[in-house]
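Participant: sharing a sequence plus its predicted fold:
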Amino acid sequence: MAHFAINITGNLQADIYKGSITKKSINLLNFWKGQSVQNDKKTGYVARVNLPGSTMEEYLLVKQPDGNWLAPENEPCLSIKRNGKWQPIADDDMTIEIKKAIDEYENNKDTIYEKK
């Protein structure tokens, strides 16, 4: 699991925890024929945003292997932690800013490694 910090507009900072999400599916007919299990890999991000007034919000975001963010219409992938439970939410200004900042961080990180 990777960890990094990003800055969000409005002088907010977020701690990002990045990890792999694997969903395995087995088709029993193919399984008996000796074919392997299909793995569906995505990248998950937990963003902990420090808000004014010493409050913190946690967001769960999911990115597909092709680099696109998973849309909430496709499957429940965008969540916020409230009262200790993850609840699905729609994209709002905060989640859009977090996604944009993560993309900028990862693009800059890739260019730094390419320069060396």
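Facilitator: Looks like it arrived, so ask away.

Participant: quick one: the helices in the chain, in order.
Facilitator: Secondary structure of the chain (DSSP state H): helices located at 28-32, 93-115.

Participant: lowest average confidence across those helices, which one?
Facilitator: If those are sorted by mean pLDDT, helix 28-32 sits at the bottom with a mean of 59.

Participant: remind me which residues of the protein are low pLDDT?
Facilitator: 23-39, 71-77, 83, 110-116 (pLDDT under 70).

Participant: look up which residues are beta-bridged to the closest residue to G44 other than its chain neighbours.
Facilitator: Nearest residue to G44 in three dimensions, chain neighbours excluded: I21, at 4.4 Å (C-beta to C-beta, 6 or more residues apart in numbering). To be clear about C-beta, it is placed using only N, CA and C from the backbone, and glycine gets the same treatment. For I21, the beta-bridge partners under DSSP bridges are K42.

Participant: hmm, I21 is touching V46, no?
Facilitator: No. Contact criterion C-beta atoms under 8 Å: I21 and V46 do not qualify, at 11.1 Å.

Participant: which one of the two is surrounded by more residues?
Facilitator: Between I21 and V46, V46 has the larger neighbour count (other C-beta atoms under 10 Å), namely 18 against 15.
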